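Student: Following is a predicted model, sequence given first.
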Amino acid sequence: MNKSISWVLISSLLCSCSDSEQNQIVPEPGPTTQQGPQLQEGTALFDYFNYKGHDACFDNLSLGAGDFLNPVLPGCYPDPSVCSNGKGDYYLIASSFAYFPGVPLFHSRDLVNWKQINNIISRDSQLDNIIGQDTSGGIYAPAIDYNPHNDTYYMITCNIGKGCFLVKAKDPAGEWSDPIYLDNVYGIDPSLLFDDDGKAYIVVCAEAPDNKEEYGGHHTVRIIEYDTETDRTVGDRKIIVNKGSRPSENPIWCEGPHLYKIKGKYYLITAEGGSGDWHSEVVYKSPAPFGPYVAYDKNPILTQRMVPWDREYPISEAGHADIIEGPDGQWWGFFLGRRPVNQNYFENLGRETFMYPVEWTEDGWPFMTGEIKPIPKILNIPGVTVGENPTFGNFERHYTFDEEKLDFTWMSLRRDITGYYSLTRVPGYLALDCQSINVKSKDAPSYLGRRVQHHSYEVSTRMGFNSRSGNEAAGLLIYKDEKHQYFFAKGLVNNQKSLFLTEVSPDGERNVAVLSLPENNDYIDLKIVSNGTSYDFYYSFDNGNSWDWLAKNITALLTSSRAAGGFTGTTVGLYATSNK
C-alpha cells in the first residue's frame, strides 16, 4: 500500500513540459501601464488579493435541509482537536507547524458553521527555537480542552524544537498565556483529560519501553497526572499502551492519543499505521485512568486503507481523530484525511479536517467507518442551516487591505513579521518590505500566505513595485517548503525590468519564463490559475480587464505532498525579497 513516489520519478514528470513552455521568452509588451500611489524603494504595494476555489466535485450539488460538505475545513488543517464548554460553544484547532501565527482556533454552535476567531499562538514569546526549523517542524498536533472546575481553556502541544507545553486562557478569543513547559511529558501529541473529581491527566505518544525499539515505529502511550493549581505534573509516567491495539502485528506509531470519560468508563483513542496510506484510528477502554486498557476487537474504528480507490470521492490517509458529543446528542469524529486529485495520489492541499458520525455499539464502543465504509462528500445534521460564509465547498475570499489588521487566515513563517509590512502606511494597500532573508531559508522572510483549499483555484493581486537592484523582487509565491516553490514576480533580469517565473526545486533554482517590461511600468496585475495538476500564470496591464499568459501548463506536482513530503499543504501569497 506504500504509494510514495521518488524524486527521480517526480523529476521526470517535471520535465514533461516542452522546452518552449518551460523557457519561453515572451515578446515585450506595448507601453501601456497603470498608476497607483507613488512607490517607495524596497517596498511592494498590494492593492488587493483574491482567492477563488472552483473544484468540480462541489459544483451543481443539490443540498437538502441540514446537508453540509466534507471536508468541513479544507486545506492544511490536520490533527483536528475539538472541545465544548458545556454551554453550547464548540472550539476546534489544528496543527500549524512552522507558520505564524499558530494553532488556528475556530468556534461553532452547531459543529457545521465554523468561524475562525483567533490564533492561539499569536506572540513570538510563545514560540521558542522556531527559527531554524523547517516548514514541517514547529507545532505538532495541538489538543484543546475546557476545564469546568476553573472555567479555563487549555491548549497542549509539542514544539518539535523545544518540547511539550501548554497555554491557557479564560477567553479563547482573547490572548493566551505564555507557554508552560511540562516536566516528564516527553514525546509528541499530548492531550488532556479533566476528570469529574477535579483531577487532570496528560496522555502522550512516547518512546518504546526503556528506549529499546523492537522494530521501527515501536512506540507507547503514556499517562501522567497534571496538577492544575501548580501547572506541574504529579508522579511518574505510566505506559498504558505498548506498540498498539494488536501488539503481535507490530503496529507503528500509536500517536495522537485522546482520553475521555464517558458514562463512567475511560476511553483512549489513538492513530496507528503512520501518517501515510495505512493511517487509521483505534480505541481502548478501561475502568480507571491508569488502566488496564483493553483494545476493541474490531479495531480500527476509522480508516480508508481498504476502501476501493475507484469510488466517486476518494479520501486517503484518514485518522488522527478526536470525538465529541453534538448539541443534539449525536457524537461526531473530527479527523484528518487527504483528497488526492488523481489516482497517483497527488494533491497540493495537505491533510484536511473531515467529519463522520460516531455510532455506539451495544457493548459500549465508539465506531465510525471501520475498514469498509467510504467517507462521504455530503453529511447531514437535522435542523442545521449552512450560513453565508461556509468554510467548505467552493467559495471566494476577497481582501482589500482596508482594515488595520490582517484577516486571521494570513500567515508568515516562524515569526511575527509586522515590522516588515503595514496596512496603514499607504491607505488601502498592503505595503510589504523587501528583506535579505530568502524564503528558501529556515528564517522569517517577508512572506504572507494563506492555505490553498481547492485543487482548482485562482488567485490574483495588483502590485506596484520597482527593483533597486538585481536581487530585489516581489510578487506571488506558491510555497510548499524551502525546496518546492514557484515565484511569480517582478524584478530585474539582466538589468532589465522584467516579469518572471522562477521554479525552486531540490535540483536548484531556474527561471521558467521571462517577460521584459517597459521602463515606465510601475503597477501590474498578476494571476495564478490551478487545475490541480498544473498552473497557469497570467498578467494584466489594464486592471485585470484582459489577461495575457507568461507560462502555462507548469506542473503542480513539484509542490504536491507526494513530491515534497512533509506534513504541510501548499500556501499561496505575497512575497518580497532583496535576496532573490
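Tutor: Happy to help now that I have it.

Student: Quickly find the element holding the residue nearest the centre of the chain.
Tutor: The residue lying closest to the centre of the chain (Cα atoms, centre = their mean) is C76, at 2.4 Å. Taking DSSP states H and E as the criterion, C76 maps to no regular element, lying outside all helices and strands.

Student: repeat for the one 3 residues further on
Tutor: Under the assignment given by DSSP H and E, D79 is not contained in any helix or strand.

Student: Pull the number of nearby residues for it.
Tutor: Per other Cβ atoms under 10 Å, the neighbour tally for D79 reads 30. Backbone N, C-alpha and C define where each C-beta goes, glycine included.

Student: what does N495 give?
Tutor: The burial count assigned to N495 is 9, neighbours taken as other Cβ under 10 Å.

Student: How about P37?
Tutor: One way to gauge burial is a neighbour count; for P37, by other Cβ under 10 Å, it gives 16.

Student: Look at the nearest residue to it once chain neighbours are set aside and report its pLDDT.
Tutor: In this structure, P37 finds its nearest non-sequential neighbour in V426, 5.2 Å apart by Cβ to Cβ, 6 or more residues apart in numbering. Taken from the predicted model, the pLDDT recorded for V426 is 96.

Student: Could you list the domains of the chain?
Tutor: Using automatic domain parsing, the domains assigned to the chain come out as 28-53+395-577, 66-380.

Student: next one: the shortest one to chain centre, how far?
Tutor: Taking Cα atoms, centre = their mean, to the nearest Å, one finds domain 28-53+395-577 lying 20 Å from the centre of the chain it belongs to.

Student: Also the last one?
Tutor: On the basis of Cα atoms, centre = their mean, domain 66-380 is displaced by 15 Å from the centre of the chain it belongs to.

Student: what pLDDT, on average, does that domain get?
Tutor: Computed over domain 66-380, the mean pLDDT rounds to 97.

Student: who are the neighbours in contact with the residue nearest to N466 when sequence neighbours are not counted?
Tutor: The shortest distance from N466 to any residue that is not its chain neighbour, by Cβ to Cβ, 6+ apart, is 5.5 Å, and that residue is L39. Listed by Cβ atoms under 8 Å, 6 or more residues apart in numbering, the contact set of L39 reads L45, G464, F465, N466, D522.

Student: Okay, L39 and Y420: tell me how far apart.
Tutor: For L39, the distance to Y420 equals 16 Å [Cβ to Cβ, to the nearest Å].

Student: pretty sure G102 is touching L127, no?
Tutor: Yes - counting by Cβ atoms under 8 Å, a contact exists between G102 and L127, whose distance comes to 7.0 Å.

Student: so what's in contact with these two at the same time?
Tutor: Listed contacts common to G102 and L127 are I121, G138, I139; contacts here mean Cβ under 8 Å, 6+ apart.

Student: ok, of the residues you listed, which one's closest to V514?
Tutor: Nearest to V514 out of the shared contacts of G102 and L127 is G138 (Cβ to Cβ; 34.9 Å).

Student: Can you name the residues bridging to G370?
Tutor: Counting by DSSP bridges, G370 is bridged to L302.

Student: Give me the neighbour count for it.
Tutor: The burial metric for G370, expressed as a neighbour count using other Cβ under 10 Å, is 15.

Student: wait, what's in contact with it?
Tutor: When the contact criterion is Cβ under 8 Å, 6+ apart, the partners of G370 are K298, P300, I301, L302, T303.

Student: distance of the fourth one from V241?
Tutor: So that's L302. 17 Å.

Student: ok, these two, which is more surrounded?
Tutor: Higher neighbour count among L302 and V241: L302, with 31 against 26, using other Cβ under 10 Å.

Student: these two touch, right, the residue nearest to the centre of the chain and T353?
Tutor: No - with the criterion set as Cβ under 8 Å, C76 and T353 do not qualify as a contacting pair; they are 9.7 Å apart.

Student: Tell me where the stretch 351-500 of the chain has strands.
Tutor: Listed in chain order, the strands found in the stretch 351-500 of the chain under DSSP state E, counting those that start in this stretch are 352-360, 366-367, 378-380, 396-399, 412-413, 421-422, 430-433, 446-451, 456-464, 473-481, 484-493, 496-505.

Student: okay, now the nearest residue to G187 once chain neighbours are set aside: neighbour count?
Tutor: Spatial nearest neighbour of G187, excluding adjacent residues (Cβ to Cβ, 6+ apart): A206 at 3.7 Å. For A206, the count of nearby residues is 25 (other Cβ under 10 Å).

Student: now A318
Tutor: 28.

Student: just to confirm, which helix or strand has it in it?
Tutor: Under DSSP H and E, the secondary-structure element containing A318 is strand 316-325.

Student: what lines up beside that strand in the sheet?
Tutor: For strand 316-325, using DSSP bridges, the partner strands are strand 331-338 (antiparallel).

Student: The strand it pairs with: which residues count as buried?
Tutor: Of the residues in strand 331-338, W332, G333, F334, F335, L336, G337, R338 count as buried by neighbour count, 16 or more other Cβ atoms under 10 Å.

Student: Using PDB, write out every CA atom in it.
Tutor: Extracted C-alpha coordinates of strand 331-338, given in PDB (Å, rounded to 0.1, in the frame of the first residue of the first chain):
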ATOM      1  CA  TRP A 331     -21.400  12.000  18.600                       C
ATOM      2  CA  TRP A 332     -19.100  13.100  15.800                       C
ATOM      3  CA  GLY A 333     -15.500  12.300  14.900                       C
ATOM      4  CA  PHE A 334     -13.200  15.100  13.500                       C
ATOM      5  CA  PHE A 335     -10.100  13.700  11.800                       C
ATOM      6  CA  LEU A 336      -7.600  14.300   9.100                       C
ATOM      7  CA  GLY A 337      -7.500  13.000   5.600                       C
ATOM      8  CA  ARG A 338      -6.300  13.800   2.100                       C
END
